[in-house]
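1. Got a sequence here, can you model it:
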Amino acid sequence: MFTHVCVVGHQTIFKTLFQVADAGDGGNRLDFEESRSHTVVIGVAGPGSSSPLGSWFSLNVSVTDANEKPFNIRLSSYTALENLTAGSPVAVISADDAEGNSVTFRVKGTSGFLGVKGRQLVLRRKLDYESRKTLNFTVVAKDDGIPPAVVTCQESMISDIDHN
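-> Coordinates of the predicted model:
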């Protein structure tokens with residue numbers, strides 16, 4: 001609660017009080033996922049009373065949802081052995097979305113080695129550890145919110161197999 005006191009000389013003439021009655025997060029920010037509305041109470045009261053008489057007004061503030069980008073992009077433990085054939089799945093991609101929107105994925109920077117099929121990261125062509133020891137790539141996650149939100153994460157992989 002915020003209090004403003006009007007003083008003339010040494011005498012308090014009136015106080016104005018401002019309070020957010022249901023700020024779920026302490027009133028620091030408005031978050032649609034936490035609370036879709038807040039009640040603001042504004043009042044003017046006379047001085048020196050623990051239960052001030054005066055005039056009070058309640059105002060309901062509706063919070064509009066903003067589309068936050070997906071977060072916590074994850075790859076399941078992956079196996080990108082060099083003997084896997086094109087089309088083989090190497091990992092499952094997942095991400096979280098605060099609004100519960102569906103999330104789609106794509107990869108970039110893979111020199112054509114990797115692609116996405118649904119939520120699976122798949123090989124597009126065979127890997128060869130001896131000619132390329134690391135494959136660095138970026139996973140792009142995009143939700144279907146309005147407007148769509150995008151986030152990226154960077155990964156690397158390739159595992160050798162024993163040729164003996």
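2. State the phi and psi torsions of Phe32.
-> Main-chain dihedrals, Phe32, degrees, to the nearest 10: phi -60, psi -40.
3. list the contacts for it?
-> Val63, Thr64, Asp65, Ala66 (C-beta atoms under 8 Å, 6 or more residues apart in numbering). For the C-beta atoms, the positions are set from N, CA and C on the backbone; glycine is no exception.
4. Could I get those residues in TSV, plus columns for distance to Glu155 and neighbour count?
-> Rendered in TSV, the data for the contacts of Phe32 read as follows (distance: C-beta to C-beta, whole Å; neighbours: other C-beta atoms under 10 Å):
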residue	distance to Glu155	neighbour count
Val63	36	15
Thr64	35	7
Asp65	31	13
Ala66	28	14
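5. Reformat those as TSV; add distance to Ile146 and pLDDT.
-> As requested, the contacts of Phe32 are arranged in TSV below (distance: C-beta to C-beta, whole Å; pLDDT from 0 to 100):
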residue	distance to Ile146	pLDDT
Val63	16	83
Thr64	12	84
Asp65	10	81
Ala66	10	82
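6. surely Val61 meets Val41?
-> No - look at Val61 against Val41 with C-beta atoms under 8 Å: they stay out of range, at 11.4 Å.
7. And the strands in this protein?
-> Counting by DSSP state E, one finds strands in the chain at the ranges 2-8, 11-20, 37-45, 54-62, 71-75, 89-96, 103-108, 114-117, 120-123, 135-143, 150-157.
8. May I see the ones you listed arranged in TSV, with mean pLDDT as well?
-> Rendered in TSV, the data for those read as follows (pLDDT from 0 to 100):
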stretch	mean pLDDT
strand 2-8	56
strand 11-20	55
strand 37-45	72
strand 54-62	77
strand 71-75	90
strand 89-96	92
strand 103-108	93
strand 114-117	93
strand 120-123	92
strand 135-143	90
strand 150-157	82
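9. Out of those strands, which is closest to Leu81?
-> Among the strands of the chain, the nearest to Leu81 by C-beta to C-beta is strand 89-96 (8.6 Å).
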